[in-house]
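>>> predicted coordinates and the sequence they were generated for:
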Amino acid sequence: MRIICVVGRSKSGKTALIERLVPELKKKGLRIAVIKHDPHDRFEFDREGKDSWRFKKAGADATAISSPKRIGIIMDVDHDHSLEELSVFFDVDLIIAEGYKRSKYPKIEVIKKGHSPLLRRDELIAVVSEEDLDLGVPRFSFQQIKELAEFILTNENNINFSP
């Protein structure tokens with residue numbers, strides 16, 4: 001399973017980058033899953049009042065929504081799952097994880113103008129920033145999404161996807 005993490009400070013543009021990167025990788029024929037890490041547990045998967053929300057609030061340990069084109073699952077867990085544990089749920093070519101900066105998977109850091117990097121050079125495979133940063137890894141601007149996708153694909157043999 002190939003996994004890449006997109007990391008960066010809050011509001012740096014991680015989600016926007018992933019939203020633009022996924023279609024570029026899909027054009028190359030890859031099946032992509034995206035996992036967003038929420039270490040603060042602040043998300044609501046379903047909206048208040050919907051059946052799955054009502055079942056969860058009623059005490060169900062897991063609820064699922066199934067249709068001919070999608071499945072969504074909400075379940076209680078006893079720990080913050082690692083990317084390895086989550087990857088078994090997906091039959092895809094590549095998982096892009098937003099967050100998981102402490103994992104051993106390859107990382108692309110998104111650095112907003114005026115901010116300093118979070119990670120060291122040896123923890124990164126690339127940087128996305130409008131700043132002219134020299135961190136010893138390739139740097140892409142937010143306009144170079146096609147180039148970033150190509151970098152991921154052409155450097156597949158040089159990227160250690162399995163730590």
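Sure thing, it's come through. The shown structure was predicted, so the numbers you read here are calculated from the model rather than taken from an experiment.

>>> residue most distant from the centroid, the protein?
Computed with Cα atoms, centre = their mean, the residue of the chain farthest from its C-alpha average is residue 58, at 30.7 Å.

>>> quick one, domains of this protein?
For the chain, automatic domain parsing gives the domain ranges 2-39+80-154, 43-79.

>>> redo the ones you listed as CSV? Include mean pLDDT.
Shown next, in CSV, are those (pLDDT from 0 to 100):
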stretch, mean pLDDT
domain 2-39+80-154, 93
domain 43-79, 81
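
>>> among those, which is the most enclosed?
Burial of those is given as mean neighbour count (mean count of other Cβ atoms under 10 Å); domain 2-39+80-154 ranks first at a mean of 16. All C-beta atoms are positioned from the backbone trio N, CA, C, and that covers glycine.

>>> and it, how far out from the chain middle?
6 Å (Cα atoms, centre = their mean, to the nearest Å).

>>> which residue is nearest the middle of this structure?
Closest-to-mean residue, the chain, Cα atoms, centre = their mean: residue 97 / 2.1 Å.

>>> list the contacts of the residue lying closest to residue 94 once chain neighbours are set aside.
Nearest non-adjacent residue to residue 94, counting by Cβ to Cβ, 6 or more residues apart in numbering: residue 2, 4.7 Å away. Taking Cβ atoms under 8 Å, 6 or more residues apart in numbering, we find residue 2 in contact with 93, 94, 95, 156, 161.

>>> one more pass at 10 Å, please.
30, 87, 92-96, 105-106, 152, 156, 159, 161-162 (Cβ atoms under 10 Å, 6 or more residues apart in numbering).
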